[in-house]
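1. Sequence first, predicted coordinates after that:
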Amino acid sequence: MSRARPARAGAVLFGSFDAERRWRPDGLASLPQLADPGADRLVARMDEALFAAAEPGDLLITREPVAPALLHAREAAGFTCEHRHAGGPDTAADVEHQLLADPELLGRIADFARLRPYAVLPGTGALAERTGHASGLPGSGTVVRVNGKAWSSRLAARHGLPGAGRVVRSAAQLAEAVRSDVERGHPVVLVKDPYGVAGRGTFEVGSERRLTRLVAHLRRQEDRGLRVEFVVQPRYDRVADFSSHLRVDRDGSWHLLGVQHLANSGYRHEMSGPAPRTLTGNLSDPAHPEVLDVVARALAEEGYDGPVCVDSMVLRDGTWVPVVEVNARMSMGGLNLRLDDRVRAHGLRSHLWQEDAAVADGCGVDHFLKMLREEGLLYDGGSAPGVLPLVGGSLTAPRGRLVCAALCPPESYPRLRAAARSAAAAAGISLARPA
Amino acid sequence: MSSATEITETEARVRTVLAEVLEGRVPVEEITVDADMVQELGLDSLQAIQFLLRIEDEFDVELDYESLSLDHLRSVRYFTAEVLGRPVREP
């Protein structure tokens, strides 16, 4: 006699954070760059931060184990969900492929109602099929297309949105587009890889000499048969960056989850935090909701549903560039919004920041947590402001990354971040840049 | 025979470029020619690209990025000898 399978509930959260690298088609020419296995190793640990989006009853699966002390600190702060880590035989594989090689975890994933991956990658589709979730995710081809900067640039141009970048498909076109922007009064022009990763995909051209060298670099790749595709855009005189976080549904409806102030360091995310209402309320030509509607409808028409982050910037002259980038995936700002939702009931706001660090031998997140606790800085889930480390595995010698949330009133954020940096230094974690 | 602390003109120019990229975090006079740019001075991969682009401007050369890695940024002395000391593409 068979028993009815209990109704599935809860979500499984997992996913590689270097999505753009995995979406990038083979055969594309690249900007000058340096291989950096150390940075790749850090990004591979960022999935620990997904706990911020998990509810009680959800399952979080990270690529590698999370330090027990960090798990304990999260639970003490009220962030409880089931946690497992992948452990497939191929330790170099991403979490999606490690899970595909783990029958026990595949069975466990099938017990849940839905998948909530950080991003839909080629391996995610196979994982969804194997666990009975195939109908719950957009197709991989769609996701790759809408996450390319060429797609968002064409969308912005088609709707006449200000500041749209131009897509170029040869070294000659690139040279022409850059010179055209310079002639229109922009001294520095940005060349962006359509699937650039965390700052590594943007190249500043500020002189004819640098343009000549870039063109030569790309021509050599063209000669080898590689395909050129970049987005060319002036470097605007920005005064503020912000990100809008939406959820797009299958039927094309969408809702705004929130807006985040965004700070970048060298084109890489550095901080997400509360955005003052005046930041988006005063935007016009076009108005902020009109832009979000354009983006959401276009994504739904392409067949995408799920989380979306739209990056925008406000310029010194009071105008704005509505679509700098569309990320059809989870994002750091989106994770911070979830933390924000949790702590607002306590009168606090969440400020997520990350920065590079030099980590002394033998030091790590355990030492950092100990120092935060000793200094009374560790967030404990109540209304007292505090800091919560979001990722522990990135704090390893010699190079690491500090990823934390400061849960506090906005005016206290600079002081709390400075105090956390001092605690990190006392724990053998030296921050690379001045605050 | 040169002493370990002697610094050539090329190394001095490389060091100045490095200090600019580090945005004053480490004063130029405190950057020794043997200090590891990545491990000791905290140069990350984004700054490393900025450093190499500025080196191209400073010396008017074109570097071959496909043969370069962070390992070449071991120190000012190593970089000067291994990268600038070998043939590079003429612009």
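-> The structure has been received and is ready for your questions.
2. near chain A, which residues of chain B show up?
-> B:23, B:25, B:38-39, B:42, B:44-50, B:52-53, B:56-57, B:60, B:62-63, B:65, B:68-70, B:89, B:91 (Cβ under 8 Å from any Cβ of the partner chain). Using the backbone N, CA and C atoms, a C-beta is placed for each residue, glycine as well.
3. Show me what counts as buried in the lowest-mean-pLDDT helix or strand in chain A.
-> Across the helices and strands of chain A, mean confidence by mean pLDDT, DSSP states H and E is lowest for helix A:277-281: a mean of 81. Neighbour-count burial for helix A:277-281 flags A:Leu279, A:Thr280 (criterion: 16 or more other Cβ atoms under 10 Å in any protein chain shown).
4. do the same with stretch A:238-256
-> Neighbour-count burial for stretch A:238-256 [16+ other Cβ under 10 Å]: A:Ala240, A:Asp241, A:Phe242, A:Ser243, A:Ser244, A:His245, A:Leu246, A:Val248, A:Trp254.
5. Equivalent analysis for stretch A:70-79, please.
-> Here stretch A:70-79 shows A:Leu70, A:Leu71, A:Ala73, A:Arg74, A:Ala77, A:Phe79 as buried, counting by 16+ other Cβ under 10 Å.
6. Next, count neighbours for the nearest residue to A:Arg399 once chain neighbours are set aside.
-> Spatial nearest neighbour of A:Arg399, chain neighbours left out: A:Gly38 (5.1 Å); criterion: Cβ to Cβ, 6 or more residues apart in numbering or on different chains. Per other Cβ atoms under 10 Å in any protein chain shown, the neighbour tally for A:Gly38 reads 16.
7. Just to check, A:Leu42 is in contact with A:Gly400?
-> Yes: judged on Cβ atoms under 8 Å, A:Leu42 makes contact with A:Gly400 at a distance of 6.8 Å.
8. shaky segments in the chain?
-> All of this is about chain A. A:1-7, A:88-89, A:198-199, A:432-435 (pLDDT under 70).
9. looking at chain B here, not the other one
-> B:1-5, B:86-91.
10. Which helix runs longest in it?
-> Identified as the longest helix of chain B according to DSSP state H is helix B:45-59.
11. by contact count, what packs against the following helix or strand past it?
-> Later in the chain than helix B:45-59, the nearest helix or strand by DSSP states H and E is helix B:76-79. For helix B:76-79, the contact count by 3 or more Cβ pairs under 8 Å, 6 or more residues apart in numbering or on different chains; DSSP states H and E identifies helix B:9-21 as packing neighbours.
12. Now the helix it packs on: buried residues?
-> B:Glu11, B:Arg13, B:Val14, B:Arg15, B:Val17, B:Leu18, B:Ala19, B:Val21.
13. Extract the CA atoms of that helix and return them as CSV.
-> Presented in CSV, the C-alpha positions along helix B:9-21 are these (Å, rounded to 0.1, in the frame of the first residue of the first chain):
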residue,chain,number,x,y,z
GLU,B,9,65.4,54.7,-13.0
THR,B,10,62.9,52.3,-14.6
GLU,B,11,62.1,50.8,-11.3
ALA,B,12,61.5,54.2,-9.8
ARG,B,13,59.1,55.0,-12.6
VAL,B,14,57.3,51.7,-12.1
ARG,B,15,57.1,52.4,-8.4
THR,B,16,55.6,55.8,-9.0
VAL,B,17,52.9,54.4,-11.2
LEU,B,18,52.2,51.7,-8.5
ALA,B,19,51.8,54.4,-5.8
GLU,B,20,49.4,56.3,-8.0
VAL,B,21,47.2,53.2,-8.5
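14. okay, the angle between it and helix B:45-59?
-> 140 degrees (axes from the mean of the first three to the mean of the last three Cα atoms, to 10 degrees).
15. For A:Ala423, which non-adjacent residue is spatially closest?
-> According to Cβ to Cβ, 6+ apart, the nearest residue to A:Ala423 is A:Met371 (4.1 Å).
16. Now the closest residue to A:Ala328 other than its chain neighbours: which helix or strand?
-> Leaving out its chain neighbours, the residue that sits closest to A:Ala328 by Cβ to Cβ, 6+ apart is A:Val146, at 4.8 Å. If you go by DSSP H and E, A:Val146 is part of helix A:140-147.
17. hmm, back to that, what sits up against the longest helix of chain B?
-> With contact meaning Cβ atoms under 8 Å, 6 or more residues apart in numbering or on different chains, helix B:45-59 is reached by A:32-34, A:36, A:38-39, A:199-200, A:207, A:209-210, A:213, A:266-268, B:13-14, B:17-18, B:20-22, B:37-38, B:43, B:61-63, B:65, B:68, B:70, B:73, B:83-84.
18. Now do the buried residues in that helix.
-> B:Ser45, B:Leu46, B:Gln47, B:Ala48, B:Ile49, B:Gln50, B:Phe51, B:Leu52, B:Leu53, B:Arg54, B:Ile55, B:Glu56.
19. can you pull the contacts of the residue lying closest to the first one once chain neighbours are set aside?
-> The shortest distance from B:Ser45 to any residue other than its chain neighbours is 3.8 Å, reached at A:Asp36 (Cβ to Cβ, 6+ apart). Contacts for A:Asp36 (Cβ under 8 Å, 6+ apart) come out as A:Arg200, B:Ser45, B:Ala48, B:Leu70.
20. of those residues, closest to A:Asp366?
-> B:Ser45 (27.1 Å; Cβ to Cβ).
21. where along the stretch 251-400 of chain A do the strands fall?
-> A:254-265, A:268-274, A:306-315, A:320-327, A:349-359, A:386-389, A:399-408 (DSSP state E, counting those that start in this stretch).
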